[in-house]
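Peer 1: Any chance you could fold what I've pasted below:
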Amino acid sequence: MRRVEIAALSPDGSIRQSQHIAPATAAFEGAFSAFARGTMIQTTEGPCAIEDLSPGDMLEVVDEKPQPVVWIGSMSLVPTAPVERPELTRLTRIMADTLGLSRPMHDLVLGPGARLLRNPVALRDLTTQTRLLTPARVFADGLSIFEITPPTPVKLYHLCLPRHAIILAGGLEVESYHPGKSLLRDMGNNMRALFLSLFPHISQPDDFGALACPRADQAPLGHLTPA
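Peer 2: Next comes the predicted model:
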């Protein structure tokens, strides 16, 4: 089990904060493990460290109007804790300027729940040129993008907007949280109810809405990226 923390925007504009105990599984941890502490998120007022964001803050959204943060979840990644899959203890470090000038602006550390809007190399020779939301770890090359196992616990965060969207983290396009099309459908009733209880702004799975962009697990070589 894992302790998680939640800050959510209430309908009256107040902020509701709570702590919960959740299963230490990929399904649950993916909702809390995208951005390491210190990640700079682009707001309408300029870059802001993820740990300093609050529900209600307005974020710049790629190809859309700004949206407010409605939910922020956080947890501590403990490298020595038992996990469902080995990658849940690893972070992805992207060195500054790896993907272009100021992309990212500084070294960027992403958690196992982070997806970048970018095609993995294995899919770039296909006829489709659509960019895909792909787990950050897929891009590790051992040179300027590499996986690391932190020696000590690291605080990780994720966030929800009213609609699934692409936001800017350190200058790179990264998705806001969305469970995907199959995760909740494949859960049992009790586990689904527990999962939804972590999102005060969600009453039923359909409230998460549609994905802003396709994910790599929907592409022909989807075995690269578990749903």
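
Peer 1: Stretch 104-117 spans what distance, first to last residue?
Peer 2: Stretch 104-117 has its terminal residues 13 Å apart, counting by CA to CA, to the nearest Å.

Peer 1: Give the buried residues for that stretch.
Peer 2: Under the neighbour-count criterion of 16 or more other CB atoms under 10 Å, stretch 104-117 has 104-105, 108-117 buried. Just so you know, the C-beta spots here come from the backbone N, C-alpha and C atoms, and that holds for glycine as well.

Peer 1: What's the first helix or strand after the strand or helix carrying Val174?
Peer 2: Using DSSP states H and E, Val174 sits in strand 172-175. Sequence order places helix 189-196 as the next helix or strand after strand 172-175, per DSSP H and E.

Peer 1: can you give me the mean pLDDT across that next one?
Peer 2: Throughout helix 189-196, pLDDT has a mean value of 95.

Peer 1: I would like the residues contacting that helix, please.
Peer 2: 22-23, 27-28, 179, 184, 187, 202-205 (CB atoms under 8 Å, 6 or more residues apart in numbering).

Peer 1: Highest neighbour count among the residues you listed?
Peer 2: Phe28 (24 neighbours; other CB atoms under 10 Å).

Peer 1: Was I right to think that one contacts Arg3?
Peer 2: No: the pair Phe28 / Arg3 is not scored as a contact, 11.6 Å apart, by CB atoms under 8 Å.

Peer 1: what is in contact with those two at once?
Peer 2: Ala22.

Peer 1: Can you give me the neighbour number for Pro150?
Peer 2: Pro150, neighbours per other CB under 10 Å, totals 14.

Peer 1: just use 603 as the starting number from now, easier for me
Peer 2: Yes, from this point I'll number from 603; that puts the last item at Pro752.

Peer 1: what helix or strand does it sit in?
Peer 2: Following DSSP H and E, there is no helix or strand that holds Pro752.

Peer 1: That one: what's it in contact with?
Peer 2: Taking CB under 8 Å, 6+ apart as the criterion, Pro752 is in contact with 679, 681, 693.

Peer 1: give the contact list for the first one.
Peer 2: The reference is to Leu679. Taking CB under 8 Å, 6+ apart, we find Leu679 in contact with 635, 690-691, 693, 713, 752, 755-758.

Peer 1: One more: Gly772?
Peer 2: Neighbour list for Gly772: 641-642, 696, 706-708, 710 [criterion: CB under 8 Å, 6+ apart].

Peer 1: Now render the residues you listed as a markdown table, adding secondary structure and distance to Ala814.
Peer 2: A markdown table is the format used below for those (DSSP: H, G, I helix; E, B strand; the rest coil; distance: CB to CB, whole Å):
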| residue | secondary structure | distance to Ala814 |
| --- | --- | --- |
| Thr641 | coil | 19 |
| Met642 | strand | 21 |
| Ile696 | strand | 21 |
| Pro706 | coil | 20 |
| Met707 | coil | 23 |
| His708 | coil | 25 |
| Leu710 | strand | 20 |
